[in-house]
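A.B. asks: no sequence on this one, just coordinates:
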């Protein structure tokens, strides 16, 4: 098997991206529909390819052991592809009324996907650095995608500056680690006897990754960037990018878990992350910021899965990421849907959700399911995710962290419930604004219905997916 | 001998970077940055990483700074947006950064006892360019390609973003 | 005969009456009273059959109907106990009820709640029969509570007015305080004996620690105090007079209030083992008898005077039980049922003729208008005063003699004095109602008339009973089951004592006669002389006010404070909503950190990093 | 000893870059400061490569240079866009999103 | 599919059927919802017939693999502790459907929620798998909160959020405790299992902590005294059917949790904490009643009376003896019936008068005599008059309490007085007196309302006069349990 084989998915995606760029410029100048279609077909194809990998290849090193194809990476790659597909559909829904939609957006997303896919397969810090950059740089573009909107541009700039700084920290950390160990291999992080210098380097790397998963105190950018960016971008960032960062962090912590200090550090970070995220979300009236803060909080929960030193936590995290991807994408699609149909400012506020059940029961119910799933209320998938993660935490005797996480999920329930209250229990006030009916396209509908199905299905019958996550986590190297 | 050169180059770089940061006018900053990049390239040369030194001069000092200059020209002289007092910010920044330096510098102390700590000379006689090339096309083939994708992406993005819409 | 002697039949008839009147009564409104009365009559018949049947076989019967509750060793059946005690009670209850039922047909004729009234009455009889025929404590408790319920419903019968409803509530709650004690006592009995039926408990009573028995007796006696309106829980009974008069006659004079006495008598095997409890019963009885009699002296409300008199007579009964003369107590219970029932019914007749007037100072010279009422009233009055030859004399005398013979002279003395007061206030009332001058309004005189036969015939029946009841050898009959005090007096002393009580009785009557009829002693002068005492008595020792200040208001205030301060403010406000608020405010704080400035963010991130690094490195 | 001196230089440059980001108002200078940080990393890598006798450090510098150029280009175009939208490149003006 | 699965999923099927009905056809929606609840009721009766009361363990057990990774199974079973509660649930549900004719807003969603609620409650009582149990337990929050929030009155949103958050705060601690048990069991045996009886007699050095956590979750649901403040709000604002279910069944889930999980899993710890819990129950009994007396809203009053009654139930449970536990189960059923009736009655008056203020309602005995008789009967049953169902439960609980500790029983008996105080107060103010204003002309009970009330009232007397069959049904299980 040639080495090129293992990067076939990445190559295909790259090819699609390039084709799209060309098509965009030369053929589909006015009507951009086929672009999404091509991208989707490509991504689905890649998804099936990866599924095949998942059944066949448990471990395959390439590029002189710098790039491993494992169940673990394949699982995450499928997750990214799913996130990509749904984000693209969501973007199609979001931009349906705008002229701006073009190949640049789609291809940027595809480029970012390549970055993520590289990231989780890498066994070399150089690969990781490149992966992070390849993942981030297209995101800067699609954050600032709506050029007329100063909010979008602001979010792009913020993300770029802060992201570059974090990349700088990672790089410096890599250099410190390199100075001490003389190796760029990820295995050099495996510290049995570490020096302060190396530990400082490792910490800097972790900080950089924590920045990407928006953990406290590196979370400050999250709300602003998520708020400003076009909603599909936000959705993509909060699912794909985050999952990739988590995939990477899991690779790192897998090697560092023997160091108790780092476990304590991460558990503290986890506590602060979820608390700060939830507390900040409580007073939000802007639904995008609300979801942004909630995604910070979820980072905190997932961290528990990472630091609990057992398989349960590992595959719990993988499961959590998957359901979270669906729930968040669904929610953001609905947010985009409402945001689009109204005056921008109002569309983002909770007021737009007032009495949604009477106007668009489908949207309201789906939104409620997503939010409840995020809250962790059974029988939706979020509950199973939380259950496993907390079980793992308790198994590793992280009692305090788990209790705080549980209390936090009550706080979180408050603001999720607030949205539900707005949708279901408030009457739409007539004097507020003229009635509007959110416009839902087929693609948006697809995203919502798929997410809905998955969230309910995984809540009731998670066995299959848990098995996959389990086998995937077994091959984390 | 080399040690002295390195020392002097470092000094120049650091001083000019300080100036670059405190310079009032952006244009002056860019000039100082030129000095920094050149100084860095000098350090590379001394460390016998000539290839990198050249690249550093070409890319950083050559291309990048020019782009910055262009940007500066395009943006023009920018009025201050809001008179936000930065004093507190500056004080805190400097304090924090000093702590940062202290932490890391104390970690560097350990390097002094390593055998190769003062060894500026290259470890191998073989040309590093060929070695780099071999690694780039073998171990680091994928990042190499991906770097090109990054550049492509950045190009497209910059184009898309900076372009004025024709309508 | 055999088949008719099942005690359940006694209960079946009132039950039938209830069901009939509930479901069909409103259709056949006219017949409701007759049906109810007929049912009670049948009950009475069955009771009589039971009596004869039982007196032939002469043993204690128990009849199980079905198992009510069985949880582990807690095994309680619905079953009946037939012994002389319960038979006496059954007979008294059914007979008085029958009379009252018939009387009510006339008395309640015009009332819109006619059918309802008879439903309640039947329900009451049912519960009362349940109470007296119960074979175990818990079943007795059913009856016990249900008579309380009926009392509540019947006191508040005229529910449109405020006062009856309030009085009903008061009665129920005060009764509940007693029931609380009773219930605790029952549970303690169960825990210590493992069973609840009277016979088994009485067999095992010697194996139990006397201290526990005393506690149980106290608790049971608390129940009696509540139900039988003894100090300190008697306050509900005077208020209960807000109900229709037949109700007062039946429930609050003749039957229900005597349930406490019945309980003490029934539990004689327990009380007998606890001298302490016995003393308590006796002292409570005497005190109640004395104090309520004094209150009755100054009262002006006819029914309330009777109510206080009832309390006083109940005190006698407890007094009797307390000194071990259970049969005397029950004897007095039976005679009292007749003459006090008669008093009330006659009072009802008086009210009927004066369209509801209650103040005895607004009556007078009624003997002219209402002869039947007058004569029956007089008979009852003489009976309660202990006039020789009438039933009250026998029973009361028996009590006093027992008291004397038990050696508790102080108690005996106060009992005797109470007898004097009783005779006095009863005849004070009789004088003011039937003699002296007419003091009622002119227009009322037009309507003043004797009650219809349906009301007077019951009066006559009761009057007859009041006369002859004393000759029935009830104590002897009861002594088969109830222990008799062991001490005997020489018959000379006995006769002396009898004479003494006759003298006391006559003295009371004469005093009343002198004061109110002849005005030889001016009542107002006495009033002036003992003004303080008079006010004290007139205001019933301020007991209602005292309870109001000491219990009702503090409980109310405490509840309100508890609701406002603890529940609403502390728990809900501070802990529940407060924590929510704190979280929200902290949220605002964390939101403040989201300044929007990149340099701030970098600074925060740097600070966080440095803190972590300093800690870890 | 001399290598340690180089490491010190890189650390100082990194920190000066940080100060630049923290205290300068002009987006362009901020972007330059980021470049300074990356340059500091480069120096560290090259010196490290000498210290551990391993060429990997030099290779990563190559990539860093490329990527930092890409980042800078993108950053500058965003800055220009921002200037076009709001008429300023003051970094404090980028604070519409907050709270 | 076993009968228990059928029992659980019939309402779900019903709600799915409703989902596809156009929402304009309100009559059909009601009819179908009613039909499904009735069918569920019959299934429940069938379960009762299949149930063998002479066996102690779980019966009609169904096991299927569910999530093998976590050791979770789809595991249902019924025993003496749950059978009565299940029957109560299926019995109250059709009544709730019938009682909701006043609902005109979103009829379809209302009935869907109702059916889902029924499923959740049945699921809680029937699951033997902890994860399954918790899923139903927590899922129940959603329809209930929606009930309160959409069809509630006045301050409904506050009440809905409070209900949701308060009970969820409890359930997360419960979740922690359950997970801890799960993990401890795993560490002891090496087997991942969520089968509830596997956890029984777990020993852990942190047992006390875990017991407290689990108890906290259940205590909020019960609600034990200082954790009760969600209840008055939720009860008051919920629509009639919501209140009935809330009082009738939901609160029982907390007690059921104590009986099924907290006590058997931590026998020693529960012994250790019993005095404290008993103390709280007694405070609840007495102060709940006193506070009820001072309420101005009928529903709030009834809600506080629930606090008081559930205090008796907890007293029975934590006396750890046969009488106490039997009594607590019977008392739960009674409370479901009595308080359910009270809420139905209050709902009926609310439909007529659109107010629940005690001060605004008076003299109903004059204008609605039949209604008033039922009301009085219910209050009497609620204050545990012998001969009604309330007495059986309360008496047995008190016997249990006395048996455990005479002092606690004695103090709890004071509740007998308090309950008379507040319930008679309602009677006095609402039922009796002369009607004024709008209270004069009120329509007495309609036939539909009779159909709603009569089954419940008949149970008042049935249980009150002949409770033996009910006791027999649960006796064997509890005998085994007490051991």
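C.D. replies: Everything's here; your move. All figures in this text were calculated on a predicted structure; none of them were measured in a lab. Numbers count the residues shown, from 1 in each chain, chains lettered A, B, ... in the order given.
A.B. asks: in the chain, which residue is closest to the centre?
C.D. replies: Answering for chain A, as no chain was given. residue A:239 (1.9 Å; Cα atoms, centre = their mean).
A.B. asks: wrong chain, I was asking about chain C
C.D. replies: residue C:257 (2.6 Å).
A.B. asks: Identify the residues contacting that one.
C.D. replies: Residues in contact with residue C:257, defined by Cβ atoms under 8 Å, 6 or more residues apart in numbering or on different chains, are C:227-229, C:237, C:251, C:310, C:314. C-beta here means a position set from N, CA and C on the backbone, and glycine is covered the same way.
A.B. asks: cool, and residue C:466?
C.D. replies: C:335, C:338-339, C:342, C:379-380, C:383, C:390-392.
A.B. asks: Could you do residue A:129 as well?
C.D. replies: Contacts of residue A:129 (Cβ under 8 Å, 6+ apart): A:167, A:170-171, A:174, D:60, D:63-64, D:67.
A.B. asks: Which pLDDT value goes with residue C:41?
C.D. replies: Here the pLDDT value assigned to residue C:41 is 90.
A.B. asks: likewise residue B:77?
C.D. replies: Looking at residue B:77, the pLDDT reads 65.
A.B. asks: nearest residue to the residue of chain E found nearest chain B other than its sequence neighbours?
C.D. replies: Nearest residue of chain E to chain B, counting by Cβ to the nearest Cβ: residue E:69, 34.4 Å away. In this structure, residue E:69 finds its nearest non-sequential neighbour in residue A:466, 4.5 Å apart by Cβ to Cβ, 6 or more residues apart in numbering or on different chains.
A.B. asks: Go ahead and confirm that neighbour touches residue E:72.
C.D. replies: No: Residue A:466 lies out of contact with residue E:72 (Cβ atoms under 8 Å); the separation is 10.1 Å.
A.B. asks: More neighbours: which of the two?
C.D. replies: residue E:72 (24 against 21; other Cβ atoms under 10 Å in any protein chain shown).
A.B. asks: partner residues bridging that one?
C.D. replies: Note on residue E:72: beta-bridge partners by DSSP bridges are residue E:67.
A.B. asks: Quick one, grab the pLDDT at it.
C.D. replies: 88.
A.B. asks: Kindly report the same for residue D:78.
C.D. replies: 91.
A.B. asks: these two touch, right, it and residue A:153?
C.D. replies: Yes: the pair residue D:78 and residue A:153 qualifies as a contact (Cβ under 8 Å) at a distance of 6.5 Å.
A.B. asks: intersection of neighbour lists for the two?
C.D. replies: Between them, residue D:78 and residue A:153 share the contacting residues residue A:144, judged by Cβ under 8 Å, 6+ apart.
A.B. asks: So for those two, which sits in the more crowded spot?
C.D. replies: Taking other Cβ under 10 Å, residue D:78 and residue A:153 do not tie; residue D:78 has more neighbours (30 against 26).
A.B. asks: Contact partners for the more buried one?
C.D. replies: Residue D:78 neighbours (Cβ under 8 Å, 6+ apart): A:140, A:144, A:153, A:156-157, A:160, B:161.
A.B. asks: Which of these scores worst on pLDDT?
C.D. replies: Per-residue pLDDT puts residue B:161 lowest of these, at 87.
A.B. asks: Report how many residues lie close to the nearest residue to that one once chain neighbours are set aside.
C.D. replies: Leaving aside its chain neighbours, residue B:161 sits nearest to residue D:77 (4.5 Å; criterion: Cβ to Cβ, 6+ apart). Other residues near residue D:77 number 25, with proximity taken as other Cβ under 10 Å.
A.B. asks: next one: the one 10 residues further on
C.D. replies: Applying other Cβ under 10 Å, we find 14 other residues in the vicinity of residue D:87.
A.B. asks: Confirm the residue nearest to residue E:69 sits in a helix?
C.D. replies: Yes: looking at residue A:466 with DSSP: H, G, I helix; E, B strand; the rest coil, it is inside a helix.
A.B. asks: any idea how far chain C is from it?
C.D. replies: 33 Å (Cβ to the nearest Cβ, to the nearest Å).
A.B. asks: Check whether the residue nearest to residue B:161 really touches residue B:164, as I assumed.
C.D. replies: No: contact criterion Cβ under 8 Å: residue D:77 and residue B:164 do not qualify, at 11.6 Å.
A.B. asks: quick revisit: between the contacts of residue C:257, which sits nearest chain A?
C.D. replies: residue C:227 (51.7 Å).
A.B. asks: My read is that the closest one contacts residue C:178, right?
C.D. replies: Yes: between residue C:227 and residue C:178 there is a contact under Cβ under 8 Å: 5.5 Å.
A.B. asks: so what sits against both of those two?
C.D. replies: Common neighbours of residue C:227 and residue C:178 (Cβ under 8 Å, 6+ apart) are residue C:260.
A.B. asks: Over to the residue in the stretch 1-150 of chain C that chain A sits nearest to: give its phi and psi.
C.D. replies: Ranked by Cβ to the nearest Cβ, the top residue of the stretch 1-150 of chain C for proximity to chain A is residue C:71, at 36.7 Å. For residue C:71, the backbone dihedrals (degrees, to the nearest 10) come out as phi -130, psi 110.
A.B. asks: ok, it - contacts?
C.D. replies: Counting by Cβ under 8 Å, 6+ apart, residue C:71 has contacts E:322-323, E:326-327, E:396, E:471, E:475.
A.B. asks: Please tabulate those in TSV, including the columns pLDDT and distance to chain B.
C.D. replies: Output for these, formatted as TSV (pLDDT from 0 to 100; distance: Cβ to the nearest Cβ, whole Å):
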residue	pLDDT	distance to chain B
E:322	87	68
E:323	87	69
E:326	90	69
E:327	90	67
E:396	90	69
E:471	87	73
E:475	84	72
